[in-house]
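>>> Got a predicted structure here, sequence first:
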Amino acid sequence: QVQLVQSGGGLVQAGDSLRLSCTTSLISNYAMGWFRQAPGKERIFVATISRSGKATTYADSVKGRFIISKDNDKSTVYLQMNNLKPEDTALYYCAARQNVFGSMEYSSYDYFGQGTQVTVSS
């Protein structure tokens, strides 16, 4: 059974940093992505990394603050979140896509993590 197991997250203050992790056996053969959903809002794209790890794409709202990376030896994709803002508060999901490249479309991914809450206080 395919699993994407997420960890990290929590309650922090504005300006703090957090790192989310997502561990899966798919890491070497799939592109990976992160999405988030704030209360009462639609799920939106945050970042994606290609299967090789060489290509990354970010939402404008997180560009320059968040970094997506992957470690195939640890079967883990990370989302390093710096200079967090209250508007970053959301449930964060990792996703795996059977493709060389990631996508900004949630529906194009094949597997999903269970979600991790990030709350940023002002």
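Received the coordinates, thanks.
>>> give me the beta-bridge partners of the residue minimising distance to the centre of the chain?
Computing the C-alpha centroid of the chain and ranking residues by CA atoms, centre = their mean puts residue 34 first, at 2.6 Å. Listed by DSSP bridges, the beta-bridge partners for residue 34 are residue 47, residue 94.
>>> doesn't residue 95 make contact with it?
Yes - with contact defined as CB atoms under 8 Å, residue 34 reaches residue 95; the gap is 7.4 Å. Glycine gets a C-beta too; all of them are placed from N, C-alpha and C.
>>> For residue 75, which non-adjacent residue is spatially closest?
residue 27 (4.7 Å; CB to CB, 6 or more residues apart in numbering).
>>> ok, the one you found - contacts?
70, 72, 75, 76, 77, 96 (CB atoms under 8 Å, 6 or more residues apart in numbering).
>>> let's see 7 Å
Residues counted as contacts of residue 27 (CB atoms under 7 Å, 6 or more residues apart in numbering) are 70, 72, 75, 76, 77.
>>> Please read off the pLDDT at the nearest residue to residue 16 once chain neighbours are set aside from the model.
Of all residues not flanking residue 16 in the chain, residue 84 sits nearest, at 5.5 Å (CB to CB, 6+ apart). pLDDT recorded at residue 84 is 98.
>>> Check the one 4 residues further on too.
Here, the pLDDT recorded for residue 88 equals 98.
>>> ok, now residue 1?
82.
>>> now residue 60
Looking at residue 60, the pLDDT reads 98.
>>> Which of the helices or strands spans the residue nearest to residue 75?
Assigned by DSSP states H and E, residue 27 falls within no helix or strand.
>>> ok, now which ones touch residue 51?
29, 30, 31, 100.
>>> count of residues packed around the second one?
As a burial measure, residue 30 scores 25 neighbours (other CB atoms under 10 Å).
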